[in-house]
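**Student:** dropping a prediction and its sequence here:
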Amino acid sequence: MINSFRKTINPPYKPADFITLFLTLFIFITIPLVVIAASNQQSLKSQAQSLREASCLFPTSGEDKIQPSVYFESPLEGERLAGESSLIRIAAKDNVCVKKVSLLIDGSPVKTFTEGPYEYLWNLRRAEPGNHTVSAQVVDYSSNFSMTSVSVFRGVKGISLP
């Protein structure tokens, strides 16, 4: 009788059995929770991006008096351009939403962007050697605008800079 009582009080389980059970439960509960949390985070990022895009589609009707900003990532002021083409990269930002970005070369409109990326591959074979002005104008939905320009030099073989 005492032996039977001991078996009910002290079952023949080893500590390793409890560790195995704990680790199994931990793995089968934790991994799905981590996967769910990661997918929720990705979903939240996607929703935030959609809201930003939606704010551009349906800008607020409130009065916006803040000018957007614009600058050239390339080319830079005073840069010498050589070869057959040059990538023009424009960065434009606004506190609400950028409506459009216009690229001008030597005062002539070249391209108008309504969404990023604001990049244009300039065919330098059609550009005369010498100085050129590359300009970008950004406009937001409240008709606020900003403009920036850089002067570049279109070089050719045999012509050196002063």
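**Tutor:** Received, thanks. Keep in mind that what you see is a predicted model, and the values were worked out from it rather than measured.

**Student:** in a strand, residue 146, correct?
**Tutor:** Yes. Secondary structure of residue 146 (DSSP: H, G, I helix; E, B strand; the rest coil): part of a strand.

**Student:** shouldn't it be in contact with residue 69?
**Tutor:** Yes. Assessed by CB atoms under 8 Å, residue 146 is found in contact with residue 69 at 6.0 Å. C-beta here means a position set from N, CA and C on the backbone, and glycine is covered the same way.

**Student:** looking at those two, which is more packed in?
**Tutor:** residue 146 (17 against 14; other CB atoms under 10 Å).

**Student:** beta-bridge partners for the more buried one, please?
**Tutor:** Per DSSP bridges, the residues bridged to residue 146 are residue 138.

**Student:** ok, now which ones touch residue 75?
**Tutor:** Contacts of residue 75 were listed using CB atoms under 8 Å, 6 or more residues apart in numbering, and they are 81, 86, 88, 134, 150, 152.

**Student:** where's the fourth one, which helix or strand?
**Tutor:** So the one you mean is residue 134. strand 130-140 (DSSP states H and E).

**Student:** same deal with the second one?
**Tutor:** Here residue 86, judged by DSSP H and E, is contained in strand 85-93.

**Student:** what touches both of residue 146 and residue 69?
**Tutor:** With CB under 8 Å, 6+ apart as the test, residue 146 and residue 69 both reach residue 138.

**Student:** hang on, the earlier thing: sheet partners, orientation included, of the strand holding residue 86?
**Tutor:** Partners of strand 85-93 in its sheet, by DSSP bridges: strand 69-74 (antiparallel), strand 118-123 (antiparallel).

**Student:** show residues contacting that strand.
**Tutor:** 68-75, 98, 101, 103, 113, 116-125, 134, 136, 138.

**Student:** can you check stretch 116-132 too?
**Tutor:** Contacts of stretch 116-132 (CB under 8 Å, 6+ apart): 81-92, 98, 101, 103, 105-106, 110-111, 136, 151-156, 159.

**Student:** start to end distance for it?
**Tutor:** 24 Å (CA to CA, to the nearest Å).
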